[in-house]
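>>> When you get a sec, could you give me coordinates for this:
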Amino acid sequence: MDLVFSAFVVLLFAAVILLVEGAWLWWSASHGGGARRIAKRLRLMSARGGGGGDKVSILKQRRYSANPWLEPRLRRLPRLALLDRLLLQAGGRWSVAQFLAWSAALLLAGLLLPPLWSPPLALALAAPALGAALPYLLARRLRRARLHKLEQQLPEAADFLGRALRAGHSFANVLQMVADELSEPIAGEFRATHEEINYGVPMNEALQSLALRVPLTDLRYLVIAVLIQRESGGNLAEVLGNISRLIRERLKLQAQVHVMSAEGRLSAWILVLLPLAVMLVMSLTNYAYISVLWTDPAGVKLLWYAAGGMLAGIVWMRGVIRIRI
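Numbering: from 1, shown residues only. You can find the predicted model right below:
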């Protein structure tokens, strides 16, 4: 009897251990850190438009919204793929639904707040449009800053690709090495390309997706060189080295132009800040004289018109001193 009871206790203990182990393995596979990382990588895969999306949507479509009810309705709206691509190029921090929600909220604020301030009619009419456009302008600024950083990292990535190819690595493995060794954001772009290839996307299509996500002329040269080499053969490492030298020379010329236009940028800053500095000094030295601008209705109108003129001047000076190469 004691032997049977002991065997029963041992088997019960083993069953409990196996049950706990099975529950832990199930939780790790469905909710653990590895599962979350895989789900995040799948969500970050780039959108490629509507054609054929049913078969490969898990790889090639970013979600427009976390709401299952809203997602298919946003998919039906035209031109949202372009907006999603802009957000992806800006860093992928926002979804399309979040972007549209912020735009709608700022549009509503632009409609409700101007009557409380009694601004000029032109500003009151422009306030809703400016509020709705603010998220778009912010996304464009983030996109420009991210693309500039990618452009600065591209020569190092091309050199890395060339050295790794000379060492005998395959091109797919070189993509993973770039993702592991270099810093963001270029590491994330090459990592996404390598993962697309691992998930079964043809290399030509994955490279074209990379060029679509990162609209840089220099990167397109790199992608075209790889595609031509895959079709006709050739020394890809040497081609990548030449592309790297070309990019470095163009960035060097761009830096020289930036230095030569520094005087114009400094003049623009002075012209923008000088009226504000004069107003601050006059507020400290002769407040009764300058306070007419915000105590008298005519003065308030003059301030609004001055702000509009300064804004127009900033846009014009930015166009003058910004030189594209």
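>>> Y64 and Q254, how far apart?
36 Å (CB to CB, to the nearest Å). All C-beta atoms are positioned from the backbone trio N, CA, C, and that covers glycine.
>>> What of W94?
For W94 relative to Q254 (CB to CB), the value is 29 Å.
>>> Have a look at the two and say which one is more surrounded.
W94 (21 against 14; other CB atoms under 10 Å).
>>> Could you measure from the residue nearest to that one when sequence neighbours are not counted over to S291?
Among residues not flanking W94 along the chain, L87 sits closest, at 5.2 Å (CB to CB, 6 or more residues apart in numbering). To S291, L87 is 45 Å away according to CB to CB.
>>> The residue nearest to W94 touches A139, doesn't it?
Yes - the pair formed by L87 and A139 meets the contact definition of CB atoms under 8 Å, at 6.1 Å.
>>> can you list residues touching both of these two?
Common contacts of L87 and A139 (CB atoms under 8 Å, 6 or more residues apart in numbering): 94, 99.
>>> which of the two has more neighbours?
L87 (23 against 20).
>>> State the helix or strand in which that one lies.
Assigned by DSSP states H and E, L87 belongs to helix 80-89.
>>> helices and strands around that helix, which ones?
Contacts defined by 3 or more CB pairs under 8 Å, 6 or more residues apart in numbering; DSSP states H and E place helix 80-89 against helix 96-112, helix 121-166, helix 203-213.
>>> Recalculate using a threshold of 7 Å.
Using 3 or more CB pairs under 7 Å, 6 or more residues apart in numbering; DSSP states H and E, the elements in contact with helix 80-89 are helix 96-112, helix 121-166.
>>> Check the secondary structure at G91 for me.
Under DSSP: H, G, I helix; E, B strand; the rest coil, the three-state class of G91 is coil.
>>> so who does the residue nearest to W94 touch?
Counting by CB atoms under 7 Å, 6 or more residues apart in numbering, L87 makes contact with 94, 96, 99, 139.
>>> let's go with 8 Å and repeat that
Counting by CB under 8 Å, 6+ apart, L87 makes contact with 93-96, 99, 139.
>>> Quick one: mean pLDDT for the helix or strand where L19 lies?
L19 belongs to helix 2-31 when assigned by DSSP H and E. Helix 2-31 comes out with an average pLDDT of 69.
>>> Tell me the confidence at L302?
84.
>>> what about the nearest residue to it once chain neighbours are set aside, helix or strand, and which?
Leaving aside its chain neighbours, L302 sits nearest to L293 (6.4 Å; criterion: CB to CB, 6+ apart). Here L293 is covered by helix 292-295, with elements defined by DSSP H and E.
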